[in-house]
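Novice: pasting the sequence and the predicted coordinates here, then a few questions.
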Amino acid sequence: MTSNKDGQRLAELSEAVRESTLKRLRAVPEGMESWRPVPSAMSFADLAHHVAEADRWLFRKLESPELPPMRGEARACVVADRAQFLALVEELVDLGRRRSALLRGMDAAALDRRLPDDRFGGEVSVWWIVVRGNLDHEAHHRGQLATYLRQVAEAGPAG
């Protein structure tokens, strides 16, 4: 039987990254879900939507290796109210569970499988796509969320 210790460790990292992202999204003040620091930037809702799209892209990429990279954009997600935003956050909970389960089931051979990805020089391992293309990507946007939250807090209620 092939060991999936690396898959288990990636799943644990995936869970930690997602929990940290969710913590920040749940801290978004009510009424600020569509706030953005400048008109061309993604809003809190855009960032949540983008992270969810990155998970869905990962699942599709593993099934269809020729799938091109995805791109995030401002104003991709319009939320009308807090309930819609919280539904998006809950979708991230579900996608995180799905991603973790997928990773737990991967053995060394699955993680070593090579896939085309022009973002990283042509062809890379599934491990690389998961770590660089998904987990590191989410950590980057988690940092944006933290910065946004500080900006909103510093602006105060009238900001």
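Specialist: Looks like it arrived, so ask away.

Novice: dump the residue contacts of the residue nearest the centre of the chain.
Specialist: Note on the chain: the residue nearest the mean C-alpha position is Val51, at 3.0 Å, using CA atoms, centre = their mean. Taking CB atoms under 8 Å, 6 or more residues apart in numbering, we find Val51 in contact with 21, 92, 138, 141. All C-beta spots, glycine's among them, are computed from the backbone N, C-alpha and C.

Novice: give me the distance between it and Arg114.
Specialist: 26 Å (CB to CB, to the nearest Å).

Novice: this structure: strands as residue ranges?
Specialist: Per DSSP state E, the chain carries strands over the ranges 114-117, 122-125.

Novice: what are the buried residues along the last one?
Specialist: Applying a neighbour-count criterion of 16 or more other CB atoms under 10 Å, one finds 124-125 buried in strand 122-125.

Novice: put the alpha carbons of stretch 98-108 into CSV.
Specialist: Output in CSV follows, covering the C-alpha atoms of stretch 98-108 (Å, rounded to 0.1, in the frame of the first residue of the first chain):
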residue,chain,number,x,y,z
ARG,A,98,-13.6,19.1,-0.2
ARG,A,99,-10.0,20.3,-0.9
SER,A,100,-8.8,18.7,2.4
ALA,A,101,-10.5,15.4,1.6
LEU,A,102,-9.0,15.5,-1.9
LEU,A,103,-5.5,16.1,-0.6
ARG,A,104,-5.8,13.4,2.1
GLY,A,105,-6.5,10.9,-0.6
MET,A,106,-3.4,11.7,-2.6
ASP,A,107,-0.4,9.5,-2.5
ALA,A,108,3.1,10.3,-3.6
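
Novice: if we look at that stretch, which residues are touching it?
Specialist: Contacting residues not belonging to stretch 98-108 are listed as 2-4, 6-8, 10-11, 14-15, 18, 55, 58-59, 62, 126, 130, 134 [CB under 8 Å, 6+ apart].

Novice: likewise stretch 56-67?
Specialist: Contacts of stretch 56-67 from elsewhere in the structure, counted by CB under 8 Å, 6+ apart, are 69-70, 95, 98-99, 102, 115-117, 126, 129-130, 133-134.

Novice: of these, closest to Ala41?
Specialist: Distance to Ala41, by CB to CB, is smallest for Met70 among the contacts of stretch 56-67, at 18.0 Å.

Novice: His137 versus that closest one, what's the distance?
Specialist: According to CB to CB, Met70 and His137 sit 10 Å apart.

Novice: low-confidence ranges, the chain, go.
Specialist: Within the chain, the segments meeting pLDDT under 70 span 1-3, 157-159.
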